[in-house]
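S.K.: Just a sequence and a predicted model for now, questions to come.
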Amino acid sequence: MIKKDNILRATDKGIHVFRHYLGKDFKVGKNFPNPFYRDTKASCNIYYDRKAGVFKMKDFGNEEYSGDCFELVGRLNGLDCRNPKGFVEIMRIIDRDPYLGLSKNDNLEENRPMGTHSENDASANVPVERRKRPYATVQKPFPVRGDMGENYCFGLEQLPAKGDLLFITGGEKDVMSLAAHGLNAICFNSETAMIPQTLIHRLSFRFKHIVLLFDTDKTGLESSLKREEELRQYGVKRLVLPLSGQKEEKDISDYFALGNSREDLIRLFLEYLDTLYNEAMSALKSCELDFNNPPPVAQMIVSVNGVPLGTQGNLLCITGKGKDEVLHLPISKSMFMAYPYPV
């Protein structure tokens with residue numbers, strides 16, 4: 001009996017299925033054109049979804065191709081993963097594929113953990129001739145490392161040598177969403193993972209601004225505050241998106257889905273920089289000199305041959321021991337009575 005988990009285990013979490021059915025040597029995390037339609041821009045991407053524990057496909061040009069390997073095979077064969085019978089047929093197609101053969105046992109278990117449909121579901125009654133794969137490929141799958149490791153950094157290899165702005169996000173989907181809008185971004189194992197300071201140190205020489213762009217839920221906000229404090233010496237900033245923090249409205253993908261554009265995000269960042277600039281200038285305001293109203297010239301109190309040794313507000317005397325220390329108190333008091341300024 002073949003189960004969904006068995007197929008994922010045998011295909012390295014689904015990556016072999018993608019390599020076989022896409023028919024091209026793509027690189028995980030790097031955009032490429034979708035081969036199933038006339039894709040004029042490289043807006044398709046294979047990434048590892050840590051929460052689901054599988055590789056998934058994200059197509060910004062056509063969301064119908066986004067999903068795990070089962071959804072892709074179902075899409076190509078006119079089957080619906082949400083239908084139990086359809087999902088069993090999808091597993092049977094993968095199992096019988098000459099390049100992905102996993103078992104000769106056709107007793108497959110219906111274990112798709114999604115919504116169910118009736119047996120009369122339209123997608124389950126698609127004629128067999130329409131379910132044929134519309135292409136052929138002979139590329140054999142080859143292993144891809146599924147374990148991300150402690151030093152995993154998604155999107156690092158796609159960064160340019162120099163740039164103005166680099167975002168650090170909480171997940172691969174956010175990185176690809178920013179990349180699809182022409183923005184540089186990377187992510188690490190999770191929002192709560194420690195960010196290597198040695199890497200940020202090197203990136204600080206390549207990018208003018210490095211900005212934390214985490215989710216706006218409780219975990220994301222708390223983690224971004226900690227990471228900002230840890231990386232303050234490298235000038236890392238923290239930008240909070242104007243989102244509610246709810247499940248459907250918490251990350252950069254949701255921000256773009258709400259109709260915001262790349263220019264809106266850049267404008268939001270520039271407004272944040274203006275706020276930082278105004279705060280810095282307010283702190284320096286007390287140190288400014290008003291040349292139209294300069295302070296009065298300090299009156300000289302002690303001088304030697306016309307050279308002032310002490311003026312109002314600035315008087316320093318160096319004495320010896322004994323009698324000088326006994327006399328300094330009445331002298332300083334009398335000077336204060338004559339010149340009521342700090343001495």
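M.R.: In hand now; what should we look at?
S.K.: any chance you could map the helices in the stretch 1-150 of the chain?
M.R.: 4-10, 15-22, 69-76, 84-96 (DSSP state H, counting those that start in this stretch).
S.K.: which sections of the protein are below the confidence cut-off?
M.R.: 1-2, 24, 98-151, 283-284, 286-287, 312-343 (pLDDT under 70).
S.K.: quick one, domains of it?
M.R.: 4-131, 156-285, 300-338 (automatic domain parsing).
S.K.: before we move on, the earlier item: among the helices of the stretch 1-150 of the chain, which is nearest residue 295?
M.R.: helix 15-22 (72.2 Å; CB to CB). Every C-beta, even on glycine, is put in place using the N, C-alpha and C of the backbone.
S.K.: which strands and helices sit next to that closest one?
M.R.: strand 54-59, helix 69-76 (3 or more CB pairs under 8 Å, 6 or more residues apart in numbering; DSSP states H and E).
S.K.: now for the ones you listed, which one comes closest to residue 7?
M.R.: helix 69-76 (8.1 Å).
S.K.: Quick one: work out the angle between that closest one and helix 15-22.
M.R.: 20 degrees (axes from the mean of the first three to the mean of the last three CA atoms, to 10 degrees).
S.K.: circling back to that earlier point, can you redo the domains of the chain as a markdown table with mean neighbour count and distance to residue 291?
M.R.: Output for the domains of the chain, formatted as a markdown table (neighbours: other CB atoms under 10 Å; distance: least, CB to CB, whole Å):
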| stretch | mean neighbour count | distance to residue 291 |
| --- | --- | --- |
| domain 4-131 | 17 | 56 |
| domain 156-285 | 16 | 15 |
| domain 300-338 | 11 | 20 |
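S.K.: Save the ones you listed as CSV, and put in distance to residue 292 too.
M.R.: Formatted as CSV, the domains of the chain follow (distance: least, CB to CB, whole Å):
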stretch, distance to residue 292
domain 4-131, 57
domain 156-285, 16
domain 300-338, 22
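S.K.: what's the closest of the ones you listed to residue 293?
M.R.: domain 156-285 (14.8 Å).
S.K.: Regarding that closest one, how distant is the last residue from the first?
M.R.: From its first residue to its last, domain 156-285 covers 41 Å (CA to CA, to the nearest Å).
S.K.: Can you give the distance from it to the centre of its chain?
M.R.: 6 Å (CA atoms, centre = their mean, to the nearest Å).
S.K.: Just to check, residue 171 is in contact with residue 187?
M.R.: Yes - using CB atoms under 8 Å, residue 171 makes contact with residue 187 at a distance of 5.6 Å.
S.K.: ok, residues contacting stretch 185-203?
M.R.: With contact meaning CB atoms under 8 Å, 6 or more residues apart in numbering, stretch 185-203 is reached by 50, 148, 150-156, 159, 166-172, 174-175, 178-179, 210, 213-215, 219-220, 223-224, 227, 230-231, 234, 236.
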